[in-house]
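Undergrad: how would this look folded up:
(one chain, ligands or ions: 1)
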Amino acid sequence: MMYQESADVATSLPTKSPLNSTVTLNGKNKTVEEMHGQWDSFKFAPIRESQVSRAMTRRYFKDLDTYAESDIVIVGAGSCGLSTAYMLAKARPDLKIAIIEASVSPGGGAWLGGQLFSAMVMRKPADAFLRELGVPYEEEGNYVVVKHAALFTSTVLSKVLQFPNVKLFNATAVEDLITRQNADGSLRIAGVVTNWTLVTMHHDDQSCMDPNTINAPIVISTTGHDGPFGAFCVKRLVSMQQLEKLGGMRGLDMNVAEDAIVKRTREVVPGLIVGGMELSEVDGANRMGPTFGAMALSGVKAAEEALKIFDERKAQNDRD
Ligand SMILES: Cc1cc2nc3c(=O)[nH]c(=O)nc-3n(C[C@H](O)[C@H](O)[C@H](O)COP(=O)(O)OP(=O)(O)OC[C@H]3O[C@@H](n4cnc5c(N)ncnc54)[C@H](O)[C@@H]3O)c2cc1C
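TA: Residues are numbered from 1 along each chain as shown. Now for the predicted structure:
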């Protein structure tokens, strides 16, 4: 006999409100304290495997539908991309913000400080962003130290994911950019071309694996410095002749590098803002090593730049 999800079973699924939610089952909350010493009689609520499958796929396909037309796409969920998403989602709850992250695990290179050490250094005034998030830190004069880089990353990540207007598509790579031609012949970036990262990695040995697309008036690229995936969007700008060449990341100079990345976070070609270490590849800026203030404040500035040009780019986007 075919299994049918009865109205009864469907309504007994746990429900969750978006922020600070309590998970309820049939309207009754159980506390973990109530489970103490009750393990012999312990039993999970019943479930059918298809319910698990539908709970995931229903939501995912709804999200794919909702975010096929996004207001802003952020490429890369490293420290810069997540900081950008936080500022944008907080400032504009009316905007649909899609984050595309190639890795299964968001956070980029910000789970550790330098050389696999735990602590994260942020130079002032980036401590303002830590206070904004409520991340505790130790004062050291011109800089502050977060005990675990992972505490910064997990906090900004969890805050971003709680905004109802943000959707993270992880394990998904941006493998091209959507372009539109303006009346004067110049190009504008108008969205991204995506694929499952595992598929992207197999274009050389499998054929016929067409991608998916997301339209958006503004794309913010924060894919990090050059590497197997990094600097993706700016490398594509070169191959599509929108940038003559990349400057290439230069040697390490913390003082010069951090100011340069924040100051030059900008719309590099119409519709595409670049921030974080990806920008060092465009401008030939110095690397900075394990000091993360510039990533956070580049994100703050990328959000500000996006909101400055949003109305104009949206009007253009709606026309074609
Ligand atoms: C191994 C390592 C090396 C480092 N080297 C340097 C260095 O040389 N110079 C320096 O200043 N700092 C370096 N750092 C410090 C620090 O990690 C980075 O400066 C910082 O993480 C950059 O932040 P970001 O947000 O710009 O990019 P990242 O933290 O690198 O985040 C970029 C994110 O974009 C994702 N991504 C990339 N391409 C795509 C795509 N096509 N589609 C979707 N997602 C994509 C990546 O998976 C990643 O999660 C390094 C850190 C580590 C762990």
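Undergrad: Mind naming the longest helix for this structure?
TA: helix 293-319 (DSSP state H).
Undergrad: Check which helices and strands that helix is in contact with.
TA: In terms of contacts (3 or more CB pairs under 8 Å, 6 or more residues apart in numbering; DSSP states H and E), helix 293-319 is packed against helix 79-91, strand 120-123, helix 127-133, strand 187-196, strand 218-221, helix 254-264, strand 266-269, strand 272-274. Every C-beta, even on glycine, is put in place using the N, C-alpha and C of the backbone.
Undergrad: In contact with the closest residue to M87 other than its chain neighbours, which residues?
TA: Distances taken as CB to CB, 6 or more residues apart in numbering put A303 closest to M87, at 3.6 Å, once the chain neighbours are dropped. Taking CB atoms under 8 Å, 6 or more residues apart in numbering as the criterion, A303 is in contact with 83-84, 87-88, 91.
Undergrad: Most neighbours among the residues you listed, which one is it?
TA: Counting neighbours by other CB atoms under 10 Å, T84 comes out on top of these with 34 neighbours.
Undergrad: quick one: pLDDT of the residue lying closest to it once chain neighbours are set aside?
TA: Of all residues not flanking T84 in the chain, G299 sits nearest, at 4.0 Å (CB to CB, 6+ apart). Note for G299: predicted pLDDT of 98.
Undergrad: Equivalent analysis for the one 5 residues further on, please.
TA: Per-residue confidence (pLDDT) for E304: 98.
Undergrad: same check, this time on A119
TA: Predicted confidence (pLDDT) for A119: 98.
Undergrad: Same check on A98?
TA: On the pLDDT scale, A98 gets 98.
Undergrad: what ranges of the chain fall below the confidence cut-off?
TA: 1-27 (pLDDT under 70).
Undergrad: List, one by one, the residues from it near the ligand.
TA: 75-81, 100-103, 108-110, 173-174, 222-225, 229-230, 232, 276-278, 287-290, 295 (CB under 6 Å from any ligand atom).
Undergrad: which SSE is the most centrally placed residue in the chain in?
TA: Most central in the chain under CA atoms, centre = their mean is A77, positioned 3.3 Å from the mean C-alpha point. Using DSSP states H and E, A77 sits within no helix or strand.
Undergrad: Could you double-check that it sits in contact with G109?
TA: No. A77 is beyond contact range of G109, at 11.3 Å (criterion: CB atoms under 8 Å).
Undergrad: residues contacting A173?
TA: 100, 102, 194-197, 200, 229, 232.
Undergrad: I misspoke; the intended subject was F163.
TA: Taking CB under 8 Å, 6+ apart, we find F163 in contact with 85, 89-90, 93, 97.
Undergrad: tell me the phi and psi of it?
TA: phi -70, psi 130 (degrees, to the nearest 10).
Undergrad: Quick check: it vs H225, distance?
TA: Between F163 and H225 the distance, using CB to CB, to the nearest Å, works out to 27 Å.
Undergrad: Kindly report the same for S41.
TA: Computed with CB to CB, the distance linking S41 and H225 is 55 Å.
Undergrad: out of those two, which sits in the more crowded spot?
TA: For S41 versus H225, the count of surrounding residues by other CB under 10 Å is larger for H225: 17 against 5.
Undergrad: so the more buried one sits in a helix?
TA: No. Under DSSP: H, G, I helix; E, B strand; the rest coil, H225 falls outside any helix and is assigned coil.
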